[in-house]
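Chemist: okay, predicted coordinates and the sequence, questions at the end:
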Amino acid sequence: SDGWADRYDVTDGYQQEAVGGITIKLQSPDVKWFDDYYLKLRPETNLRNPWFQEFWQHRFQCRLEGFAQENSKYNKTCNSSLTLRTHHVQDSKMGFVINAIYSMAYGLHNMQMSLCPGYAGLCDAMKPIDGRKLLDSLMKTNFTGVSGDMILFDENGDSPGRYEIMNFKEMGKDYFDYINVGSWDNGELKMDDEEVWSKKNNVIRSVCSEPCEKGQIKVIRKGEVSCCWTCTPCKENEYVFDEYTCKACHLGSWPTDDLTGCDLIPVQYLRWGDPEPIAAVVFACLGLLATLFVTVIFIIYRDTPVVKSSSRELCYIILAGICLGYLCTFCLIAKPKQIYCYLQRIGIGLSPAMSYSALVTKTNRIARILAGSKKKICTKKPRFMSACAQLVIAFILICIQLGIIVALFIMEPPDIMHDYPSIREVYLICNTTNLGVVTPLGYNGLLILSCTFYAFKTRNVPANFNEAKYIAFTMYTTCIIWLAFVPIYFGSNYKIITMCFSVSLSATVALGCMFVPKVYIILAKPERNVRSAFTTSTVVRMHVGDGKSSSAASRSSSLVNLWKRRGSSGETLRYKDRRLAQHKSEIECFTPKGSMGNGGRATMSSSNGKSVTWAQNEKSSRGQHLWQRLSVHINKKENPNQTAVIKPFPKSTESRGLAAAGKPDLEELVALTPPSPFRDSVDSGSTTPTSPVSESALCIPSSPKYDTLIIRDYTQSSSSL
């Protein structure tokens, strides 16, 4: 087809494929005189052509102002500098157009000469023009064309064929052009054989499709012959099954280099020599050494006040949980095996449960003690305050987590599996599902929230209970760690490393915030490791009354007197109930002169309670001030005049004898132990319910003279929570 001819737009982008191509074009040299005429045309001078103004505006995309054919859609105005010479290339078929016009003119002229001889213009014989006669006249026309060639027509109306044969060649680097290598004129072919070859030593190959390269298959388009195809490469994970088919490799395998089959992808897992595992293991080892050091210190100094005041049994559980948390790192990083998968689930779920169960028990205990201490009347000792009860509560909370872990073992038995983050990666991991992770962590989260709640609730306890502040700080930091852990764990591919550092960081926070201050006191500040640093507060509450209610008494709140008493062990507190009225009673407190700012006397108005509680600071033989907490409970209504003198038990034999002589019958004395934040004493040898920091006695009827009642010596140290 002569449609390709020497057009560059056909080969644009396909030059390499078109190199060596043979094309043909109609023989039509440029018409020089037409260019001379055409390039001089302007809208101002070419007024005879009514379409020239429209052509000019379209050619330059501008508007001719003041002309009849002005086109308002163009914004730019045409100026006088515009010329048709800009980017002008004469159409290759311009000569044929001119020759066609000449043919029509010569045909009409010959027809007029034949039908209207000697007549200028159209005669009646040509009105109207007969098309058959005009065609006969055209077929007989012959003249010399614009290119100098003879123009004539055969019996079919075709002019002699004249074609130029072109060869598309590579003339240089990235430069291609059409070269005339022959011609066809009136059935005669002329060729320049030397110019036909694309390369001097190679013959031009003419094939429909080249053979496909490695990794490609043949795709035959619908409706085309089988010898013509398009080469298409296989996808990334496919290999060449045959020359027409690509096949995908199975999951866990990848095509070979020659794309003839598939090989297994090497399985990856965390190795001890990788940077991330090294950092996690070093962190865990340092944590283990620190935990063992703290444990040894607590065992060696187990009988010192700082250890005893920390609920040492619960501390051992917390330390065991911290140690187990650090050990989890080694199970997580080790090459996955079934036994390690079991240990991972146990360690990750159990280590936080051990630590936070003990912390929940401790903080709950503090909260219940503080709640009891706020009551106006201490009528009942809080339950489950002993060390044994605290251990039982902690173990119950831990066993719940164990039950969850065992249930998950039954539902989802641990095993190893292959994980595929992408089609080219294979990791060996334990088959822990989201349920297996979320359920134990959810229970641990519940413990953390409970412990945080109690820690926040008890954050402002007295100074001797300042361990609650350390617990609160521990829980706040732990909450931040776990809140950051959840999105990182479920949103990244580094789940194992994330788990290692999260568990180790939680253990480190608990170890650093709760145990480092105690170890510091034990080793660096032994002078603070004494009983007086862990006793109760010097604040004392007194509440007395006859137990009867009246309208006036019910409207008035009980009067609470707070005072401090400093003196020697021989000082005596004497309480005298002067007279109990029906709705009012008064108790006076007598102390040695100078011991109180108000002459040693304190007076309390009546209320509907029946107990008196106070504390006194005594100076021990070592020169330390020891506070005693005492309470008096009126068990039943007695005579209006009651007097009781209560003083600390002296160390002298005389005082002991006096105490034995004046001790009342136990059936008449109903001792009431006030709520205490300290562990009950079960080995004091006393048959009366006791507490290491409380003394209890009843005011009993007495004769007009004062009797002395000595209850018990203050012999045991108190302990903080």
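Modeler: Perfect, I can see it now. Numbering: from 1, shown residues only.

Chemist: helices and strands of this protein: which one bottoms out on pLDDT?
Modeler: The weakest-scoring helix or strand in the chain, judged by mean pLDDT, DSSP states H and E, is strand 694-697 (a mean of 32).

Chemist: give me phi/psi at the residue nearest to Met94 when sequence neighbours are not counted?
Modeler: Once flanking residues are discounted, Met94 sits nearest to Val31: 5.5 Å by CB to CB, 6 or more residues apart in numbering. (Each C-beta comes from the backbone N, C-alpha and C, glycine too.) Here is the backbone geometry of Val31 (degrees, to the nearest 10): phi -100, psi 100.

Chemist: neighbours around Val31, how many?
Modeler: 20 (other CB atoms under 10 Å).

Chemist: for Ser209, same thing?
Modeler: Here the count is done by other CB under 10 Å, and Ser209 has 14 residues near it.

Chemist: now do the buried residues in the lengthiest helix in the chain.
Modeler: Criterion DSSP state H: the longest helix present in the chain is helix 338-373. Applying a neighbour-count criterion of 16 or more other CB atoms under 10 Å, one finds 340-370, 372-373 buried in helix 338-373.

Chemist: just checking, what packs against that helix?
Modeler: Applying 3 or more CB pairs under 8 Å, 6 or more residues apart in numbering; DSSP states H and E, we find helix 338-373 packed against helix 312-333, helix 387-411, strand 427-430, helix 434-457, helix 467-491, helix 495-514.

Chemist: and the shortest one, average pLDDT?
Modeler: What that stands for is strand 427-430. Per-region confidence: strand 427-430 scores 88 on mean pLDDT.

Chemist: what's the answer for the fourth one, then?
Modeler: In this model, helix 434-457 has a mean pLDDT of 86.

Chemist: ok, now the first one?
Modeler: Here the mean pLDDT over helix 312-333 is 92, rounded to a whole number.

Chemist: with only the CA atoms kept, save that helix in PDB.
Modeler: The C-alpha trace of helix 312-333 is given here as PDB (Å, rounded to 0.1, in the frame of the first residue of the first chain):
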ATOM      1  CA  ARG A 312       7.900 -10.500 101.400                       C
ATOM      2  CA  GLU A 313       5.800 -13.600 100.300                       C
ATOM      3  CA  LEU A 314       4.100 -11.500  97.600                       C
ATOM      4  CA  CYS A 315       7.400 -10.000  96.700                       C
ATOM      5  CA  TYR A 316       8.800 -13.400  96.000                       C
ATOM      6  CA  ILE A 317       5.900 -14.100  93.700                       C
ATOM      7  CA  ILE A 318       6.500 -10.800  91.900                       C
ATOM      8  CA  LEU A 319      10.200 -11.600  91.500                       C
ATOM      9  CA  ALA A 320       9.400 -15.100  90.200                       C
ATOM     10  CA  GLY A 321       7.100 -13.500  87.600                       C
ATOM     11  CA  ILE A 322       9.800 -11.000  86.600                       C
ATOM     12  CA  CYS A 323      12.300 -13.700  86.200                       C
ATOM     13  CA  LEU A 324       9.900 -15.800  84.100                       C
ATOM     14  CA  GLY A 325       9.300 -12.700  81.900                       C
ATOM     15  CA  TYR A 326      13.000 -12.400  81.100                       C
ATOM     16  CA  LEU A 327      13.300 -16.100  80.400                       C
ATOM     17  CA  CYS A 328      10.500 -15.800  77.800                       C
ATOM     18  CA  THR A 329      13.000 -14.000  75.500                       C
ATOM     19  CA  PHE A 330      15.100 -17.200  75.100                       C
ATOM     20  CA  CYS A 331      12.000 -19.300  74.200                       C
ATOM     21  CA  LEU A 332      10.800 -16.700  71.700                       C
ATOM     22  CA  ILE A 333      14.100 -16.300  69.900                       C
END
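
Chemist: could you tell me the angle between that helix and helix 338-373?
Modeler: With axes from the mean of the first three to the mean of the last three CA atoms, to 10 degrees as the basis, helix 312-333 and helix 338-373 are set at 150 degrees to each other.

Chemist: give the contact list for the closest residue to Ile471 other than its chain neighbours.
Modeler: Closest residue to Ile471 apart from its sequence neighbours, by CB to CB, 6+ apart: Ala455 at 4.8 Å. If a contact means CB atoms under 8 Å, 6 or more residues apart in numbering, then Ala455 has Thr363, Ala468, Ile471, Ala472, Thr474, Met475, Tyr476 as its contacts.
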